[in-house]
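> Below: sequence and its predicted model.
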Amino acid sequence: MATAHSGKAAIGAHMQTPAAVQMLTLLGLIAVWESIGRTEILFPDLFPSLAAILESLWICLTTPVLLPHLKASLYEVGGALLLASLSGIPLGILWGSRRSWLEVVEPLILYAAVVPKIVIFPIFILFLGIDVHSKLAVGAFAAFFPISLLTIAGMREVKPVYVDVARSVGASAFQIATRVYLPAIAGQIFTGVRIGLGAAVTGALLAETKIAKAGLGFMIVEYYGQFRIADMYSLLLFIFILAALVNWGMKTLFSLMTPPSRTNQDAALFF
Amino acid sequence: MSESNRLMVWRFSLIFGAFVLTEASVRLGWISSFFLAAPSRAATVLWSELWNGKALLLTAITLYEIAAALTISTLFGLLAGFLLWRYRLIGTSYEMPLAALFSSPVILAYPVFLVTFGRSSAAVIALSSIFGLIPTIINTKSAFQNVNPILLEVGASMNLSGKQMFRHLMLPAVAPTIFGGFRLALTYILKSVLGLEYVAQVGGVGMWLSDAAFRFEVEEVYAGLGGTILLSILFLYLINRAQTLMRR
């Protein structure tokens, strides 16, 4: 009897962990989803069975249907992140290195950061056409702000004594930027790049849903247009999982490269 | 001249310089007016649309969507945040999934909302509410969680009832952090509403921009873009002012 009681208590304690609550919530959501789908009490066809979604995901992954679109999106997002890093980091260092420049420029960047980047898309279409480059530009524009602002935030934390020492031994401006500033602000830059990746994914794929010839966002809208709801959900699931995996990979890589005190975990909330 | 005025002059000079350069580029033919509208032309179109056209009505629609999404996210966010703080296990369990959901590209799921609510403002409001909801929940929970325990001990030593403690001690203590969440929520809702209006071609100012781009009316595209930027800046300015007033 005592053993049964202690067994129940152990199960009860096990159920009262965050992981158990998360698992129960997930199972509950699946059950609700399935019952709405099967009974069709709410929005018929909008809740396809989980099996249909997973089957569609499997077809997506094992056939070459997805590949050209995945390539187009990866090209846009990768290019966008590269372009945003190559412009955002040097400009962040430049603006952050002079207090007077920073005071003039920072409010302007903060105000510009609030504007939804997707609305600039028609301008990029005018200049770059409807091919991949206009989406790459939207992604780069979206990623530029977190990268440059976090670089500036990192520059603010650099102790002036480091720069004074470098100057006193005759270091050039380029040497100060690469040998003093860059190592000191690496953590902030990595966080900026990681958040910039999220912004680039959203910007580029959202632009694809507007006008495109290829890409994952283009596929979402195609499926929506053909009312292939299970296929649309499977693709969304694929994008979410891919984005989470890349984000996790970057987070792990960057945390190995920098001490935890230098990363800014909460900054993600602001972009 | 005071330091802040000097900085303001510099900022306006920078913006004015950029406008002059763009105007000159178009007028002197360095850049074709097919790609770039002269700022003076775009401003004229925006002005005439504001007073004689549909821009005011479209702005009103956008403001209505923002207000509706903000109301929904504030009501549900405050309640959910409070409950997540009150029931610690649930709070701990849901905080990470909420943050993960927030950083995922949820906006790409907008076709789901178009199917559910139809191609209407309701779809924009529903999805934008989610963007406002998560920062409100997280900040509300964190605000209650970080109330200084000494305050509560002082309240208990003064024999305050639960209601009095909540009203006179906890509410003033949590207000600044909750306002921080409200500020974030408003920023995200603004971005989401304008972005969705443009992408899904529904609602207000964003739809105008999308329509103009579809018709290749370059000056109107730039006028719509100018209107969108001005609206975003106005909102951020008002939020910042409100925060400054609240700190006083």
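The structure has been received and is ready for your questions.

> neighbours of residue 79, just the number please.
No chain in the question, so chain A it is. 19 (other C-beta atoms under 10 Å in any protein chain shown). Placement of C-beta: from N, CA and C, glycine included.

> actually chain B
Residue B:79 has 13 nearby residues by other C-beta under 10 Å.

> do the same with residue A:256
7.

> tell me the pLDDT at it?
We have a pLDDT of 80 for residue A:256.

> Whether the strand or helix carrying it contacts chain B - can you check?
Residue A:256 belongs to helix A:229-257 when assigned by DSSP states H and E. Yes - Helix A:229-257 is in contact with chain B by C-beta under 8 Å from any C-beta of the partner chain, via A:229, A:232-233, A:236, A:239-240, A:243-244, A:247.

> Reformat those as JSON lines; add pLDDT and neighbour count.
Converted to JSON lines, the residues of helix A:229-257 next to chain B look like this (pLDDT from 0 to 100; neighbours: other C-beta atoms under 10 Å in any protein chain shown):
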{"residue": "A:229", "pLDDT": "90", "neighbour count": "21"}
{"residue": "A:232", "pLDDT": "92", "neighbour count": "25"}
{"residue": "A:233", "pLDDT": "92", "neighbour count": "23"}
{"residue": "A:236", "pLDDT": "92", "neighbour count": "21"}
{"residue": "A:239", "pLDDT": "92", "neighbour count": "22"}
{"residue": "A:240", "pLDDT": "90", "neighbour count": "17"}
{"residue": "A:243", "pLDDT": "86", "neighbour count": "20"}
{"residue": "A:244", "pLDDT": "85", "neighbour count": "13"}
{"residue": "A:247", "pLDDT": "82", "neighbour count": "19"}
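
> residues contacting residue B:69?
B:124-125, B:128-129, B:131-132, B:189, B:192-193 (C-beta atoms under 8 Å, 6 or more residues apart in numbering or on different chains).

> Equivalent analysis for residue B:46, please.
With the criterion set at C-beta under 8 Å, 6+ apart, residue B:46 makes contact with B:55, B:223-224, B:226-227.

> which of those residues lies closest to chain A?
Minimum distance to chain A across those is 8.1 Å, recorded for residue B:224 (C-beta to the nearest C-beta).

> Chain neighbours aside, what residue packs nearest to that closest one?
In space, residue B:224 comes closest to residue B:209 once its chain neighbours are excluded; the distance is 3.6 Å by C-beta to C-beta, 6 or more residues apart in numbering or on different chains.

> so after the host helix or strand of that neighbour, what's the next helix or strand?
Assigned by DSSP H and E, residue B:209 belongs to helix B:205-214. Moving toward the C-terminus from helix B:205-214, the first helix or strand encountered (DSSP H and E) is helix B:218-247.

> I'd like to know how many residues surround the residue nearest to residue B:22 when sequence neighbours are not counted.
Leaving aside its sequence neighbours, residue B:22 sits nearest to residue B:39 (C-beta to C-beta, 6+ apart; 5.6 Å). For residue B:39, the neighbour count with other C-beta under 10 Å is 17.

> Scan chain B for its longest helix.
Counting by DSSP state H, the longest helix found in chain B is helix B:55-86.
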